[in-house]
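using only what follows, build the 3D model:
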Amino acid sequence: MSRRTARQRPGCPCGLQEPYDACCGRFHRGEAAAPTAEALMRSRYSAFVKLERDYLLRTWHPRTRPGALELDPGMRWTELEILDTTDGSAFHTTATVTFRASFRGGSLHERSRFERVDGAWVYVDGDILD
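Numbering: from 1, shown residues only. As a prediction, this is how the structure comes out:
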């Protein structure tokens with residue numbers, strides 16, 4: 001079995017098989033909130049792919065959110081691998097998601113921290129690994 005990148009797979013850029021509109025697209029459009037920290041991580045990856053700057057800012061914790069965010073339209077994200085999750089369900093208030101996001105020419109390996117604010121998962125910050 002050959003390994004294929006998220007971009008080559010049918011479905012959402014986050015790597016799931018559902019079409020973008022039914023997967024991360026509904027979060028980006030504000031029709032639903034990500035129910036888990038992992039779902040938020042996947043939707044944020046897809047937001048980087050789709051250049052959804054407003055969604056990224058909206059899902060960033062208020063205490064760590066940057067004042068502005070510039071996205072590089074030349075960046076080509078190719079794959080998201082979720083390596084580990086700790087907590088992050090409706091029963092938790094904090095979570096971590098460790099992932100590797102590949103792009104043309106390299107990858108980003110990060111352990112991200114998430115918290116629930118007013119019932120919604122938001123990205124707090126992360127530690128770059130290797």
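
now do the helices in the chain.
Ranges of helices in the chain, per DSSP state H, are 24-28, 37-50, 53-58.

any idea of the mean pLDDT in the second one?
Put plainly, it is helix 37-50. Computed over helix 37-50, the mean pLDDT rounds to 98.

picking up where we left off before, and the helices of the chain, which is most packed in?
helix 37-50 (a mean of 24; mean count of other CB atoms under 10 Å). Placement of C-beta: from N, CA and C, glycine included.

what's that helix packed up against?
helix 24-28, helix 53-58, strand 77-87, strand 94-103, strand 106-117, strand 120-128 (3 or more CB pairs under 8 Å, 6 or more residues apart in numbering; DSSP states H and E).

what about 6 Å?
Helix 37-50 is packed against helix 24-28, strand 77-87, strand 94-103, with contacts defined by 3 or more CB pairs under 6 Å, 6 or more residues apart in numbering; DSSP states H and E.

who wins for proximity to Arg111 among these?
strand 94-103 (4.5 Å; CB to CB).

still on that earlier bit, pick the most buried one from the helices and strands packed on helix 37-50.
Sorting the helices and strands packed on helix 37-50 by mean neighbours (by mean count of other CB under 10 Å), the first place falls to helix 24-28, with a mean of 21.

contact partners of that one?
Cys12, Cys14, Ala32, Ala34, Ser43, Ser46, Glu52, Tyr55 (CB atoms under 6 Å, 6 or more residues apart in numbering).
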